Structure formats: C-alpha cells, structure tokens
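*Asks:* I'd like to go over a predicted model; first the sequence, then the structure.
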Amino acid sequence: MNALYQFVSGPLVWVSFALFIGGSAWRLYSMAVLARKKDVYVYEYFSLPHALRSMLHWIVPFMNESSKKNPALTIVAFVFHLFLLIAPLFVIGHVAMLDKAFGISWATLPDGAADAMSFIVVGACVFFVVRRLTVPEVAYVTSASDYAIVGLAAAPFITGILAYHQIGGAQLMTILHILSGEAMLVAIPFSRLSHMIYAPLTRAYIGSEFGAVRHARDW
Amino acid sequence: MSSQVAREPYVLVADKGLDAGVARLTDEKIAKVIGAVLEAEGGARLKAYVDTCAHCGLCSEACHFFHSHDRDPRYSPVGKVKQTMWEILDKGGNVSPEFIGRAARVAYTECNLCKRCAMYCPFGIDIAYVIGLMRRICHKLGVTPQYIQDTAHSHSATMNQMWVKEDEWIDSLMWQEAEARDEVPDLRIPLEKHGAEIMYSVIGPEPKFRTQLIYQAAVIMHAAGVDWTMPATPGWDNSDMAMYSGDYEIMGRLKRAHFETAQRLGVKRIVMGECGHAFRSVHDVGNRWLGWKGEPVPVVHAVQFYHELLSSGKIKIKDKFGEAVTFHDPCNIVRGMGLHEMGREVTRALCTELVEMTPNREHNYCCSAGGGVINCGPPFRNTRVLGNKIKAEQLAATGVKTVIAPCHNCHGGLEDIIHHYKLDMKIKFLGDVIYECMEKPWAEA
C-alpha cells in the first residue's frame, strides 16, 4: 500500500500533469491549425471586444436569457464550476504538498470550507444526474459518456471527503483520491471535459460573429 | 428512457425528391460521400462543437418546433443534431439509406436555421451550422426535397429562383413601369443605367407573382429622386435557395453573378428588397464560400434603405397608418444584421401604434418558413405550420390586426400560420405601408 501511495503521489502526478498540460496544448494547437486550414474565417472574423463582451455575458449568471430561463441550473452550474476550480487549488493538503515539494505556497482555505465546498460539488453532480434522468430533452440526448464525465468530476471530491473524514481507510481513500484526481486531469484534454479548453474558443467565435458580422447580441 | 413522455410516432412525410433519392442510395455510397464531405468541409468548428457540447439541453428553450410540439425532445436543437450528425460521426459515416431519409427530413424541414439556439447555448455552439452541414451531405447524396431542388435547378439554369426567362424579366419590369405611369406619368424603371448610384435587386418571386412590390419600389424610388437602375441580365435575383439545399457550388455562382452584375453596371451600392434569406446569402454565407470576408459591392437591406429615405426626408409620410401594428423580426436581418431597432424606427415613422410581441428583437421566434423550409413545398406545409403554434400564439396575444414583416419568407410562413390558426390578421411589407402612407406630390398636382 505504501509503495502504491508513493507511486500515485509521485511519478503518476508528473505523468498526469504532463498529459493534462501537454494534451491540452496539443489539442489547442491542432485546433488552431485545423481552423487555419479549413475555417479561415474564424481568424478573419475574430474581434476581441466582441469576444470579451460575449464571455462577460455568459460567465456572469443571469446576464443572458438562457440562464434566466433556468435559474436553478444556473446557480448550481456556476457554483459547481467555481468550487471545482477553487477547492483543489486552495485546500490546505494540496498547498502543503506543493510547499514541501517545491517550497511554493499560497493562501489556503480553512478545512471546514474546503469540506463544505466538496459536499456542494458532489451535490451539484447529483443534481446534474437527476436532471439527466428526469428532464425529457436532456434524457433524450444523454448517453453513458455523460454519466462518466459527471463521475470523473465527482470522484476526486467524494474520495476527498471520505479521506478527510477518515471513512473507508484513510490511506486507501487518499490513494483513490489522488488516482481519481489524476484521472480527471488526464481526461480534460481527451474527453468532453475538453469544454474547459474549447468553450472559450467557441464562445469567442460566436461572440465575434454575432458582434462583428451580425451586429446582434448573442445572449 | 422511462422518464420520457409518450410521444406520437414520427411520421415520415412522403416527398418525391427525398424518397427517390433514398432509393438510389447504397451503404457504400453513403459512407464515401460522408467521408468526402467531412474530409473537405468538416473543419475546426464541427470538431470543437462536437467535442464541447455537454448535452445539457439548454438549447431546447430556443426552438419554436420544440415549444410547438409540447416540448417533444425530438424537436430540440440538440435532439435534431442527435438524429443527424451525431449518429453519422459515431458510426463513422456508416449509416443506412433509411437513416439518411429521416435525417434529411429533420435537417431540411424541421429546422429553419434561424440560429436562435446559438443564443441559448452556454458555449455558443452554432447548431444551424451543424444542420447546414447535414444538408450539405444530403445534397451530395442526392437526397433533397423535390420542391427546393427544383428551385436550385432554376437557379442553376437561369440564375434566378423561379425559372424567369431573360425576356420575361425585362417584360415584367416594362409592364410594371407602364402600370405605374398611369399613376405617376413620368416614372421610369431604369434598366442598364451604367454608373447609377444604386442597383436595386429583388428575389425571383417578385417578377413572378409579387410584381406589385416592384411597382411600389419604383414609386418610392421616384418620389425620393434616387439615381437607380435594374439590370437587364441574369444577376438581378439576389435570392439563393442553393444555400439552403446545400448546393454551395451553385450558391457561389449566384453570388458571383449578382455582384458582378453590380460591378458591370458600375453602381456604388446594391439596395435589396425586403428579403431575409438573400441578405444572409450576400452578407454571411455566399460571400464566405467565395472567400470574401465582406461584400465586394456594399449591400443595403430595404429596412436600412427606407430608414435612410425617411430620416433624410426624401420620403415624407402624409398620413400615418391608422391602426395598431406589430413588427415581426426576421431572423436573417435581426440575428443576421441587427436591424431590429431600425425596423422599429421605420415602423414608428409609418404607423401610429406599434404593439410588441414577446419575446422580440434578437429573441424573436422564427416564422418557420425560413431556412428554405417553405421552399420544400406543399408536402411539408403541415410540418412548418404545426411546428410553429407558438408564433401563432405570440401573434394572437398582441390583439392587433396587422403584422409588418420585412421579409418574403416570413410573409409566406406567417400567412400560413394566420390561416391555419384562424387569426384575424393581415401581413404587410414596410414597402406596402410606405407606398400607402407617403406623400405623392404628383397626386396633388
């Protein structure tokens, strides 16, 4: 178990970060090359002010009609994404490890806050699954991969909660926590979690097209 | 899915073009054509859209088909992508002829490419683009609805949408000039006037069966003292059903002919009549296909032109249109060019009272005729009329008797909805109202 812990918290961390960063960079690069080759208008129509205008309206909740029509989903999705990013970056365990390994650190969240955030992230995942099962237009377009993605996002938080609360064996849960975190990182460039990489691009494009070509709002 | 509400079975509307096209298909041909289209044209946008879509279903809220069919998931934008492009990409193009037959109906007749859904997707995925690519595949497979294919053939053979021959075109203009001279003795419809400031271009149906619009336009031009001309050669038609059938090669020829005609005449700009899809074709799609970022000759839509004439005082309004009206926002000039405020300003200059539909402006509901759907002809009339109950409700809620729609397709679509849902309403173009309400100095003299 110790050897396994050493492995997942050592070499595998490097591997997963390399795949995450390298994979994301490769996907961005190959998308840029493909667009240059086949959709050159993406570059021609690009307009920074319109792209930023569009992003602003879609990153702030209730600044667009779509989010107003679905207030519950808007709040859950916004908080989910926010906590999904903040909790791992500022949880004391992660910062302490970085400090130990590289001597760099930054502000941390109180344990209770990180724990609460994790519960909220998991709760949001439950909400997403229930929505997939119960809203007909969502159920119609749902496939196994959609549940897998939610599972990938939820797993590091579930195992993190279990490890923190010492349920199911602290070391086992910690190992599973690290493994699931690594799996999620690696999955970002190679699954539909890649919306993390691509969403700014698709938004920038439609914002530019609507703004600079169509002279219309896109929110 | 157990959570799904029981729905009526999907009935495949019979269509000679689609059915004959499907009968000619083989699995090998389908895979080959799909492979070729995706290889040549399925670029970064398609890839990013497919990889980014979170299957969240938020686009559903945007679609008039979805609302009109009691939130049936098959009619949600993403549901339509599932029934078309997803399956194709999942199976690497190995889909059956029957699949193509169904997908063609979804792509050609159950989506108006109105782009409202692009405004409801958190990622800004342009589903109309994906459905358009599906139509492109269907076109390359020879599976197109008969009526719209006939229109595309007409474009190809005559450079106009309605099989109008060259002499018939000229004759129609001379006829309208002669008619109008009864009213305005010195009126001309200038033909082939080189170096005129404006080339006025229309769509095929105008000389074919809405000839009074050419008459009215001539009277408006005359009253405003505009230096204008119309071409006597093919290239006068700005419309483009090839864009919607997926025949981009013909689309390119049409747009080139249209712009080259304007260049041959040496005009400063093109003014086009009240048409939505033609504007999309010159401003966004056709030019893009030809590799032109914008238009080689500036194109001004009728709404912009009327606004110019009214605000500069070249056209004065004698008596405003007396009853309350509502204004329908055509997708292609509103989501396509942001002309919603200008359209309202023109309407307010003409009418005493404007009652808004809600939602409106960029969030308007489509007329359900656009995107070439009405051009798929009588077999699909019910598809679009039943698919747009929500627009009828929206119209009825205004309580007014007149709807102004500055777009030909919208007229066709709204007319059918008004008839089917038994609304007591009539439809007008802005040009109709201008003609009716403007000062006509010759009449008083």
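*Replies:* All right, it came through fine.

*Asks:* quick one: the helices in chain A?
*Replies:* Counting by DSSP state H, chain A has helices at residues A:2-9, A:11-38, A:41-44, A:48-59, A:65-69, A:71-90, A:92-102, A:111-134, A:136-139, A:144-164, A:170-190, A:195-208.

*Asks:* in the last one, which residues are buried?
*Replies:* Of all the residues in helix A:195-208, those buried under the rule 16 or more other C-beta atoms under 10 Å in any protein chain shown are A:195, A:197-199, A:201-208. Where C-beta positions appear, they are placed from N, C-alpha and C, glycine not excepted.

*Asks:* what do you get for the second one?
*Replies:* Residues of helix A:11-38 classed as buried: A:12-13, A:16, A:19-20, A:23-24, A:27, A:31, A:34-35, A:38 (neighbour count, 16+ other C-beta under 10 Å).

*Asks:* which ones among those also lie next to chain B?
*Replies:* Taking C-beta under 8 Å from any C-beta of the partner chain, the overlap between the buried residues of helix A:11-38 and the neighbourhood of chain B is A:31, A:34-35, A:38.

*Asks:* list just the nearest of those residues to B:Ser311.
*Replies:* Relative to B:Ser311, the closest of these is A:Ala35; by C-beta to C-beta it sits at 40.6 Å.

*Asks:* ok, the closest one touching A:Ala204?
*Replies:* No. Applying C-beta atoms under 8 Å as the test, A:Ala35 and A:Ala204 come out as separate, 11.5 Å apart.

*Asks:* wasn't B:Val300 part of a helix?
*Replies:* No. B:Val300 is assigned strand when assessed by DSSP: H, G, I helix; E, B strand; the rest coil, not a helix.

*Asks:* bridging residues for it?
*Replies:* On the basis of DSSP bridges, B:Val300 is bridged to B:Val271.

*Asks:* spatially central residue in the chain, please.
*Replies:* Went with chain A since none was named. In chain A, the centroid-proximal residue (C-alpha atoms, centre = their mean) is A:Met196; its distance is 5.8 Å.

*Asks:* you looked at the wrong chain, it should be chain B
*Replies:* B:His277 (2.9 Å).

*Asks:* now do the contacts for it.
*Replies:* B:239-240, B:243-244, B:332, B:370-372, B:407, B:409 (C-beta atoms under 8 Å, 6 or more residues apart in numbering or on different chains).

*Asks:* what's the closest non-adjacent residue to B:Met159?
*Replies:* B:Pro234 (3.5 Å; C-beta to C-beta, 6 or more residues apart in numbering or on different chains).

*Asks:* was I right about that neighbour contacting B:Glu166?
*Replies:* Yes. Applying C-beta under 8 Å, one finds B:Pro234 in contact with B:Glu166, separated by 6.7 Å.

*Asks:* give me the more crowded residue out of these two.
*Replies:* Per other C-beta atoms under 10 Å in any protein chain shown, whichever of B:Pro234 and B:Glu166 has more neighbours is B:Pro234, with 18 against 14.

*Asks:* on the three-state scheme, that one is what?
*Replies:* Strictly by three-state DSSP, B:Pro234 counts as coil.

*Asks:* neighbours of residue 161, how many?
*Replies:* The chain I'm using is chain A. For A:Ile161, the count of nearby residues is 18 (other C-beta under 10 Å).

*Asks:* wrong one, I was asking about chain B
*Replies:* 25.

*Asks:* name the residues of the stretch 251-400 of chain B found near chain A, please.
*Replies:* B:283-284, B:288, B:293, B:334-338, B:340, B:359, B:362-363.

*Asks:* what's the pLDDT at residue 36?
*Replies:* Picking chain A for this. Looking at A:Arg36, its pLDDT is 95.

*Asks:* my question was about chain B, not that one.
*Replies:* For B:Ala36, pLDDT reads 97.

*Asks:* do the same with B:Glu436
*Replies:* pLDDT at B:Glu436 comes out at 97.

*Asks:* test my guess that it contacts B:Glu323.
*Replies:* No. If you go by C-beta under 8 Å, B:Glu436 and B:Glu323 don't touch, sitting 11.8 Å apart.

*Asks:* and these two? Which one has more around it.
*Replies:* B:Glu436 (14 against 10).

*Asks:* and the more buried one, what is it in contact with?
*Replies:* B:Glu436 sits next to B:Phe321 when contact means C-beta under 8 Å, 6+ apart.

*Asks:* and it, what element?
*Replies:* helix B:430-437 (DSSP states H and E).

*Asks:* so how far is stretch B:149-166 off the chain centroid?
*Replies:* Counting by C-alpha atoms, centre = their mean, to the nearest Å, stretch B:149-166 is centred 17 Å from the centre of its parent chain.

*Asks:* and it, what's buried?
*Replies:* Buried, per 16+ other C-beta under 10 Å, within stretch B:149-166: B:149-155, B:158-162, B:164.

*Asks:* strands - which of those residues land there?
*Replies:* Residues from the buried residues of stretch B:149-166 lying in strands, with DSSP state E as the criterion: none.

*Asks:* grab the nearest non-local neighbour of residue 148.
*Replies:* Because you didn't say which chain, this covers chain A. In this structure, A:Ala148 finds its nearest non-sequential neighbour in A:Ser191, 7.8 Å apart by C-beta to C-beta, 6+ apart.

*Asks:* meant chain B, my bad for not saying
*Replies:* Spatially, and ignoring its direct neighbours in sequence, B:Ile148 is nearest to B:Asn375 (4.4 Å; C-beta to C-beta, 6+ apart).

*Asks:* state the number of residues packed around that neighbour.
*Replies:* When counting by other C-beta under 10 Å, one arrives at 25 neighbours for B:Asn375.

*Asks:* show me the contacts for it.
*Replies:* B:147-148, B:151, B:241, B:244.

*Asks:* same check, this time on B:Glu260
*Replies:* Going by C-beta under 8 Å, 6+ apart, B:Glu260 touches B:Gly235.

*Asks:* give me the distance between it and B:Pro231.
*Replies:* Distance from B:Glu260 to B:Pro231, counting by C-beta to C-beta, to the nearest Å: 10 Å.

*Asks:* mutual contacts of these two, please.
*Replies:* Joint contacts of B:Glu260 and B:Pro231 (C-beta under 8 Å, 6+ apart) do not exist.

*Asks:* what residues does the lowest-mean-pLDDT helix or strand in chain B touch?
*Replies:* Among the helical and strand segments of chain B, the one scoring lowest on mean pLDDT, DSSP states H and E is helix B:441-444, with a mean of 82. With contacts defined as C-beta under 8 Å, 6+ apart, helix B:441-444 is touched by B:183-185, B:223.

*Asks:* now, which of the contacts of B:Asn375 sits nearest chain A?
*Replies:* B:Tyr244 (18.1 Å; C-beta to the nearest C-beta).

*Asks:* what helix or strand is that closest one located in?
*Replies:* Counting by DSSP H and E, B:Tyr244 is part of helix B:242-245.

*Asks:* can that helix be found next to chain A?
*Replies:* No. If you take C-beta under 8 Å from any C-beta as the test, helix B:242-245 misses chain A, and the best it gets is 15.6 Å.

*Asks:* mind checking the pLDDT average for that helix?
*Replies:* pLDDT averaged over helix B:242-245 gives 98.

*Asks:* which strands or helices does that helix pack on?
*Replies:* Under the contact criterion of 3 or more C-beta pairs under 8 Å, 6 or more residues apart in numbering or on different chains; DSSP states H and E, helix B:242-245 touches helix B:127-141, helix B:146-158, helix B:248-265, helix B:277-280.
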